[in-house]
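Participant: A predicted structure for the sequence below; I have some questions about it.
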Amino acid sequence: MREEYDFSKSIKNPYVQKEKKQISINIETDTIEYFKLLAKKVGIPYQNLINSYLTDCATKKVELHLKWG
């Protein structure tokens, strides 16, 4: 083995997933059921589907415009 290795020309592993953090969030039952049905149609876990949807919103910097009654 070498005493030192040169990593100056190394590249980041493209297959490493981004770090995730487990949180608790209150989501209405109807909303969860919607995502569960949709997830079943596309064949992925509903948590992954919700994460993908939220990630897409964050990436596109979607701003929510609420209009109350």
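Facilitator: It's in. Residues are numbered from 1 along each chain as shown.
Participant: flag the shaky bits of the chain, pLDDT-wise.
Facilitator: For the chain, applying pLDDT under 70 flags no range at all.
Participant: nearest to the spatial middle of it, which residue is it?
Facilitator: Centre of the chain computed as the mean C-alpha position; nearest residue by CA atoms, centre = their mean is Asn51, 3.5 Å away.
Participant: can you tell me which residues contact that residue?
Facilitator: Each residue near Asn51 by CB atoms under 8 Å, 6 or more residues apart in numbering is listed here: Lys20. Using the backbone N, CA and C atoms, a C-beta is placed for each residue, glycine as well.
Participant: what about it, which helix or strand?
Facilitator: Assigned by DSSP states H and E, Asn51 falls within helix 46-59.
Participant: against Tyr34, how distant is Gly43?
Facilitator: 16 Å (CB to CB, to the nearest Å).
Participant: the two: who's more crowded?
Facilitator: Taking neighbours as other CB atoms under 10 Å, Gly43 and Tyr34 compare with Tyr34 leading, 13 against 6.
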